[in-house]
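>>> below is the sequence, then the predicted model.
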Amino acid sequence: MEHPMYPAASPEVAQKREELAPEILTAFRSFSHKVFADGALPSKTKELIAVAVAHVTQCPYCIRSHTQRAMLKGASEQEIMEAIWVAAEMRAGAAYAHSALALDTTS
């Protein structure tokens, strides 16, 4: 039987995480709720930022959850795709910018 690279999130996995470190999980959830609450940036914008960052970090769980949360906050498919394009540009831009390290090394 094949074992998936990214197993599905499940209640059993959530329960195991909570059993192994309940205080830390509680603190993390509290932190997350505060981070994504409306503030200087509206929560929809924060979720779009999270969608972009999730694509840079390439976390499939984060991509799914923050895309769903962004949509629940009213983000359109176009806004989500633009956020992803921003992430792609930043990742490509970072590769380009860091070429200075390689060029410095070869000089």
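Thanks, I have the structure now.

>>> ok, L48 to K34 distance?
18 Å (CB to CB, to the nearest Å). Every C-beta, even on glycine, is put in place using the N, C-alpha and C of the backbone.

>>> the two: who's more crowded?
Shown here are L48 and K34; by other CB atoms under 10 Å, L48 has more neighbours (24 against 9).

>>> name the SS class of that one, please.
helix (DSSP: H, G, I helix; E, B strand; the rest coil).

>>> mind listing what the closest residue to it other than its chain neighbours touches?
Sequence neighbours aside, A83 is the residue nearest to L48 in space, at 4.4 Å (criterion: CB to CB, 6 or more residues apart in numbering). With contact taken as CB atoms under 8 Å, 6 or more residues apart in numbering, A83 is in contact with L48, I49, V51, A52, A70.

>>> in what helix or strand does the closest residue in space to A9 that isn't next to it in sequence lie?
Closest residue in space to A9, ignoring its immediate chain neighbours: Y61 at 6.4 Å, by CB to CB, 6+ apart. In this assignment (DSSP states H and E), Y61 forms part of helix 60-72.

>>> could you report the neighbour count for the residue nearest to A9?
Considering only other CB under 10 Å, Y61 is surrounded by 12 other residues.

>>> could you verify my assumption that it touches P7?
No: assessed by CB atoms under 8 Å, Y61 is found out of contact with P7, at 10.0 Å.

>>> follow-up on the earlier one: rounded mean pLDDT for the helix holding Y61, please.
Helix 60-72 carries an average pLDDT of 97.

>>> mind pulling up the pLDDT for M1?
At M1, pLDDT is 57.

>>> typo on my end, it should be M5
With respect to pLDDT, M5 has a value of 87.

>>> give me the three-state assignment for it.
What three-state DSSP gives for M5 is coil.

>>> on that earlier part again, for the helix holding Y61, output the C-alpha coordinates as PDB.
Only the C-alpha atoms of helix 60-72 are listed here, as PDB (Å, rounded to 0.1, in the frame of the first residue of the first chain):
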ATOM      1  CA  PRO A  60       0.000  22.100   0.900                       C
ATOM      2  CA  TYR A  61      -1.900  22.200   4.100                       C
ATOM      3  CA  CYS A  62      -1.400  25.900   4.500                       C
ATOM      4  CA  ILE A  63      -2.300  26.500   0.800                       C
ATOM      5  CA  ARG A  64      -5.600  24.700   1.200                       C
ATOM      6  CA  SER A  65      -6.600  26.100   4.600                       C
ATOM      7  CA  HIS A  66      -5.600  29.700   3.900                       C
ATOM      8  CA  THR A  67      -7.200  29.700   0.400                       C
ATOM      9  CA  GLN A  68     -10.400  28.400   2.000                       C
ATOM     10  CA  ARG A  69     -10.200  31.000   4.800                       C
ATOM     11  CA  ALA A  70      -9.500  33.800   2.300                       C
ATOM     12  CA  MET A  71     -12.600  32.800   0.300                       C
ATOM     13  CA  LEU A  72     -14.700  32.800   3.500                       C
END
